Structure formats: structure tokens, C-alpha cells
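Participant: Output the structure for:
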Amino acid sequence: MNLNQNENELAGAILLCAGRSSRMDGLDKPTLVFDDIPIFIKSLRKFEDSNLFTKIVIAASKENISEIKNLILHYKFSCEVILGGERRQDSVAIAIDYLSQFSVGKVVIHDSARPHFIKSILTKGVELLDNNNGVIPIIPIQDTVKKVDSNEVVETLDRNKLFRSQTPQFFKFNILKKCIGDTSERINYTDESELLEINGHQVACINGNVENQKITTQEDLKFLKNLERSTSFKNGISSDVHKLIDGDKLILGGFEIPFEKCLEGHSDADVVLHAITDSINASGLNDGEYIFANNNIKKENNSVKIKSDGTLAGSIVTMDQTFKNLILMDFSLEEAVALTSYNASKYLNLNNIGVIQKNFLSNFIILDKEFNLKEVYLRGKKLNA
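Facilitator: Sure thing, here's the model as predicted:
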């Protein structure tokens, strides 16, 4: 939960896992394991990591509720699993009724079969609910769209006014609850934004992402596999050090730079390319001890560290420098904070560091408006300059 939210703005989340997966040839979409992770866990992890939600509830089916509960325990998530209904809208209504006991002011609803939404959309959508009753992500339609009747084209529609809606979708809790109570039993609707439309409420739109395609068929699953293949990456950390001596040029990153000094080495002593190539090697290694950049290093638990003192191999850039570099590269403040602190601590298995929250060790820095370092706190205590 974001500690900046007040009591009346607490947000809840509903993850829908109760669908019948009728077009998946007997496979249950939410619990389908892909890349060693169940598909619904990919979405749930983003919701948990956002720290926006006071309560997350999963609506499961009779067929998968036991497995989902076991997976929640296995991955150590703190959320509730309840039995959903026959239709999507029934599952949402049951989950809304469950959340009513927690004084939730905002609610986010997400289809578990959409694991590739961008996590930052959670913050943006929740914030926009301050001035809107509903907010949904949309993406434009690229193809020409035809209205067809009895296999004959009736008209060509203006695609500039047509968009595909996605989830997660965001709603003021009491507005959605009232719409469900007034309407849900009488009509069928495809998502909750349609329900708000029927009841005369405006729904705002934000940009979605094309990768966030809903997995409905085996073909969609192939799309997911190709997407995972094209976006997968590994992190490698390394360093290289050479002594400056008298010379006439530096070679850095393959570029020759006129200078009165050069780097001493058996080859070109290009510390940039050497560090990059070493990090590429380090990223694919099995756990063990190796020598890179004249350092004895140890790779263990997805990190590469100097064997002698346990520091990260190549960790010569300070936290404030890293943060400033990310801002200069046009990352948002939220993304820069996550990449600099929270994601890094998770990557290094420092699970009790990186979040300012009760029972966490608060290691953090304070920057001025120009992102220059002002203060450093270690385990909640200010360090002397």
C-alpha cells in the first residue's frame, strides 16, 4: 500500500482467474506455467510490487481454486482467494462484495490472462481516479474495420474512433458497486467500463500497450512465447581497470580519443569494451568462482561479487549517480526509483530492503531538485557527511 494515500483513498485489486478457458483445449489459463511461472503470478507480482493496494483478492473457479491457493503459499504472496461465479461479471460482483468490508475507495480489475501490462499503469490509473469515476487502457486499431452482415460488407468504419480496451481497469469503488447492484442481474456486459457507460458515467482513457494481449486461444499463447523470447534479457555486472601512462591517445568503447595519456595493457586496454564483454560472460555463467577483469569473482544467487570483500563486481557507480543518469535518459521518477533501489534490492535477494514500510530496513538517499546528493540514511539512521 502506498503510504501517501489517506484512509479514504485505499485501493483494492481484483484478479480474475475464474474463466472456463473453453478455447484453450482443456488448459487452465491462469495456472498455465510459462517460463517456469504460472501466468497469473506474472500479473499478481506486478500488483504486489506496486505497493498500491491494501487488499488484493483473486476470484478463482471451482476447478483451480485449490491450485491457486497452493501457488499463493508457494510464492509467499499476501492476498485472498475466493470462489468466483459462472460469468466474469458474477466473479467481479462477488469480489466487490468481499472488498466491501475493507473501506476501499478505489478498485482495480484485471484479467489474469493479460500478463504483459506495464506496471507503471497501476500508479497512473489509480491517481486518475481522483478526478474520474472510471479509467481504462486502450490501444488504437491498426487494420481497416468493416461492418459485415450475411458475409457482405455493409460499411467501412472510421478506425480513428475505434480502440481496443484492455485491463487493468480502474474504478471508484462505490460507483462500481452501485452500478453492479442496479444493473448486473438484468444484463450481460463484457467489462465493467461498459457497465458504467450503461449507467451514464463517463470513463476516461489512458494508453495501453500492444503487448498486453489477452490469452484466449492456443494462438495467443504462441504470441506470448514469441514475445517472451524477443524481450528476455540477462543482467551482467563487471569492471575493468588499467593504469594511465604517458601516451598520445585513449581507446574507450572502440573510439580513439586524442590525449596525452593512454591506458597500459597487453592489448588495447579498452576498459569500456572489456567490462561489457566480461559482463556478458558473467550474465550467462553457472554459479561458481571465476576471474574477470583481474578480479576473483563469485557468481551466486543471480549476482556477481568480488570474492575478497563481497562487493558487487563493477559496482563503482553510486546510487545517486545511477538515479541521475536514469533521469537524464528520460525515465520517469517512478521508474528511476524502482530501477535504482527497489528492483536492485529484489534482484540481489535483499527482500527486506528497498521499501519504506513498517518492518523494512530503510536504506535511502535524499536528493535536491537537481538530483544532487544531500543526505544518506542507512537502516533508518542518517549518516554523517
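Participant: can I assume E197 sits in a helix?
Facilitator: Yes: looking at E197 with DSSP: H, G, I helix; E, B strand; the rest coil, it is inside a helix.
Participant: pretty sure it contacts V203?
Facilitator: Yes: counting by Cβ atoms under 8 Å, E197 touches V203, with 6.4 Å between them. C-betas here are computed from N, CA, C, even on glycine.
Participant: which of those two has more neighbours?
Facilitator: The neighbour comparison of E197 against V203 (other Cβ atoms under 10 Å) goes to V203, with 20 against 15.
Participant: In this structure the more buried one contacts L195, no?
Facilitator: No: contact criterion Cβ under 8 Å: V203 and L195 do not qualify, at 9.8 Å.
Participant: quick one: low-confidence ranges for the stretch 201-350 of the chain?
Facilitator: Across the stretch 201-350 of the chain, the ranges flagged by pLDDT under 70 are 223-240, 266-268, 273-288, 290-322, 325, 328-329, 340-350.
Participant: try 90 this time
Facilitator: 208-258, 261-350 (pLDDT under 90).
Participant: Let me see the backbone angles for the residue nearest to P115 when sequence neighbours are not counted.
Facilitator: Spatial nearest neighbour of P115, excluding adjacent residues (Cβ to Cβ, 6 or more residues apart in numbering): K42 at 3.7 Å. Backbone dihedrals for K42, given as degrees, to the nearest 10, come out at phi -60, psi -40.
Participant: Next, work out how far apart K42 and Q169 are.
Facilitator: Per Cβ to Cβ, to the nearest Å, K42 is found 18 Å from Q169.
Participant: Name the residue most distant from the centre of this structure?
Facilitator: The C-alpha centroid of the chain is most remote from D246, which lies 48.7 Å away (Cα atoms, centre = their mean).
Participant: Could you find the closest non-adjacent residue to it?
Facilitator: K261 (6.5 Å).
Participant: Quick check: the gap between the one you found and V148.
Facilitator: From K261 to V148 the distance is 72 Å (Cβ to Cβ).
Participant: who's more crowded, these two?
Facilitator: K261 (13 against 10).
Participant: what's across from V81 in the sheet?
Facilitator: Beta-bridge partners for V81, by DSSP bridges, are I58.
Participant: Touching, it and L71? I think so.
Facilitator: No: taking Cβ under 8 Å as the definition, V81 is not a contact partner of L71, at 9.4 Å.
Participant: I'd like the distance between V81 and I58.
Facilitator: V81 is 5 Å from I58, by Cβ to Cβ.
Participant: Repeat that for K324.
Facilitator: Here K324 is placed at a distance of 39 Å from I58 (Cβ to Cβ).
Participant: okay, these two: which has more neighbours?
Facilitator: I58 (29 against 18).
Participant: quick one: E48 is in a helix?
Facilitator: Yes: judged by three-state DSSP, E48 forms part of a helix.
Participant: Now do the strands in the stretch 51-200 of the chain.
Facilitator: 53-60, 80-83, 106-111, 134-140, 145-149, 152-157, 163-165, 169-172 (DSSP state E, counting those that start in this stretch).
Participant: Format those strands as CSV; extra columns: mean pLDDT.
Facilitator: Listed next are the strands of the stretch 51-200 of the chain as CSV, based on pLDDT from 0 to 100:
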stretch, mean pLDDT
strand 53-60, 96
strand 80-83, 96
strand 106-111, 97
strand 134-140, 94
strand 145-149, 92
strand 152-157, 94
strand 163-165, 93
strand 169-172, 97
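Participant: of all the ones you listed, which lies closest to L383?
Facilitator: strand 53-60 (32.9 Å; Cβ to Cβ).
Participant: so how far is that closest one from its chain's centroid?
Facilitator: From the chain centre to the centre of strand 53-60 is a distance of 17 Å (Cα atoms, centre = their mean, to the nearest Å).
Participant: returning to what we had before: residues shared between the contacts of V81 and I58?
Facilitator: Shared contacts of V81 and I58 (Cβ atoms under 8 Å, 6 or more residues apart in numbering): I68, I72.
Participant: The closest residue to K119 other than its chain neighbours and I366, how far apart?
Facilitator: Computed as Cβ to Cβ, 6+ apart, the closest residue to K119 that is not its neighbour in sequence is K46, at 4.4 Å. Distance of K46 to I366, computed by Cβ to Cβ: 28 Å.
Participant: Can you pick out the residue with more neighbours from those two?
Facilitator: Set K46 next to I366 and count neighbours by other Cβ under 10 Å: K46 wins out with 19 against 11.
Participant: The more buried one contacts T123, doesn't it?
Facilitator: No: with contact defined as Cβ under 8 Å, K46 does not count as touching T123 (11.0 Å).
Participant: in stretch 201-217, what's buried?
Facilitator: For stretch 201-217, the buried set under the neighbour-count rule, 16 or more other Cβ atoms under 10 Å, comprises H201, V203, G208, E211, N212, Q213, K214, I215, T216.
Participant: about what we covered before: could you report the pLDDT at the residue nearest to P115?
Facilitator: On the pLDDT scale, K42 is placed at 90.
Participant: And R186, by the same measure?
Facilitator: At R186, the pLDDT value in this model is 79.
Participant: Please produce JSON lines containing the buried residues of stretch 201-217, extended by secondary structure and distance to F255.
Facilitator: Listed next are the buried residues of stretch 201-217 as JSON lines, based on DSSP: H, G, I helix; E, B strand; the rest coil; distance: Cβ to Cβ, whole Å:
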{"residue": "H201", "secondary structure": "coil", "distance to F255": "58"}
{"residue": "V203", "secondary structure": "coil", "distance to F255": "52"}
{"residue": "G208", "secondary structure": "coil", "distance to F255": "40"}
{"residue": "E211", "secondary structure": "coil", "distance to F255": "35"}
{"residue": "N212", "secondary structure": "coil", "distance to F255": "40"}
{"residue": "Q213", "secondary structure": "coil", "distance to F255": "41"}
{"residue": "K214", "secondary structure": "coil", "distance to F255": "46"}
{"residue": "I215", "secondary structure": "coil", "distance to F255": "45"}
{"residue": "T216", "secondary structure": "coil", "distance to F255": "50"}
